[in-house]
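> Sequence first, predicted coordinates after that:
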Amino acid sequence: MATIKLKDISTRAPKDWNKEETKIKTIAILQELDELQNLLFAESKHAVLVVLQGMDASGKDSAIRKVFGTLNPQGVRVQSFKVPTELELSHDFLWRIHAAAPPKGVIQIFNRSHYEDVLVTRVHRWIDEKTVKRRMKAINEFEQLLQEHNSTTILKFYLHVSPEEQQERLQERIHNPSKQWKYNEKDFEEARLWDRYMDAYEDCFAHCNDVPWTVVPADQNWYKEYVIADTLKKALEKLDMQYPGLKKE
C-alpha cells in the first residue's frame, strides 16, 4: 500500500457525489448483497471477516445496522471486543480474537478488533514499542492463517471521521435521549489523544497491510454506507460462488 497520511484524506464524500443518487445506488447494492450472502451461506466454501476500526463516534454501529442489518441474520455475526477479562489476559492477545473468527459460510463483523491491541495499548503506553512490533507481526501472520487455512476474505475498514464531526456526535449523545445510552465520559478523554491515535493508525496502515485497508470518509453516513456495501459486494462477486446441487445420499 502507498503511505497513508490521514490528514491528507478528506472525511467527506467527493464534491461531485449526489446524496440521493448515492442512497439509491446503496439500496440496489444491498439487494444484491442479500443474494450474495445467501449464496455464501449455501455454498459454505468461504468465510468473510469485516474489520471496522475508527475513533469513537466514527459510525461503526450505524454501518453495521444500515449495511448488514438487511441480510439474513443466520449468516451474519457481530463481535465487539471490550476490555479483556482476567481469563483473556491470561492468554496471548489473539486468543479471544481467534475464537470469534468466522466459519465458512458466515460474514463475521468485528466492531473494533485485534487492532485495539496495537492502538489503545500503544496510545496509553501500556505496552512498549518492541511489543507493538511483535504484535503487528503476529497480526499479519494471523490474517494470513485465516486466508490460507479457512478461505477467509478479510475486509478492513478505517472509518475516517473529522475531529469536528466527532465532537458534534459526542455532544449529541449528551442531549439526544435516544442516544444517551451510548454516552461514555471516557470518550471525551480519548478524543484529547487524537494526534497519538492518528499516528498509531498510520503505523498500522504501514505495517499491517498484507491485507489492504480501505479508508472510508465517514462524516456523511450515506457515503460511508455506500463505500462499505460496494466494497463487500465486489469482494463477494470475486469468489465466483455457485449454489450446490442436490445432496447425494
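In hand now; what should we look at?
> who touches the longest helix anywhere in the chain?
With DSSP state H applied, the helix covering the greatest number of residues in the chain is identified as helix 19-43. Contact partners of helix 19-43, identified using CB atoms under 8 Å, 6 or more residues apart in numbering, comprise 13, 46, 48, 67, 70-72, 74-76, 105-107, 220, 222-223, 225-226, 229-230, 232-233, 236-237, 239, 241-244. In short, each C-beta sits where N, CA and C put it, glycine included.
> need the helix or strand of the chain with the lowest average pLDDT.
Per-element confidence for the chain was summarised using mean pLDDT, DSSP states H and E. The lowest value among helices and strands belongs to helix 185-191, with a mean of 88.
> other SSEs contacting that one?
Helix 185-191 is packed against helix 163-175, with contacts defined by 3 or more CB pairs under 8 Å, 6 or more residues apart in numbering; DSSP states H and E.
> which non-adjacent residue is nearest Ala101?
Nearest residue to Ala101, sequence neighbours excluded (CB to CB, 6 or more residues apart in numbering): Leu146, at 5.9 Å.
> Can you list the low-confidence ranges for this structure?
Of all residues in the chain, those with pLDDT under 70 make up the ranges 1-2, 249.
> Identify the residues contacting the one residue sitting closest to the centre of it.
In the chain, the C-alpha closest to the average C-alpha coordinate belongs to Leu52, at a distance of 1.3 Å (CA atoms, centre = their mean). With contact set as CB under 8 Å, 6+ apart, Leu52 has these partners: 60, 63-64, 109-113, 157, 159.
> Which of the three states applies to it?
Classification of Leu52 into helix, strand or coil gives strand, according to DSSP: H, G, I helix; E, B strand; the rest coil.
> Tell me the bridge partners for it.
Leu52 forms beta bridges with Asn111, Phe157, as assigned by DSSP bridges.
> can you count the residues close to Asp34?
13 (other CB atoms under 10 Å).
> what do you get for Pro14?
Pro14 has 8 neighbouring residues, counting by other CB under 10 Å.
> so how far is Val227 from it?
With the distance defined as CB to CB, to the nearest Å, Pro14 ends up 11 Å from Val227.
> list the residues that contact both of those two?
Counting by CB under 8 Å, 6+ apart, Pro14 and Val227 have no common neighbour.
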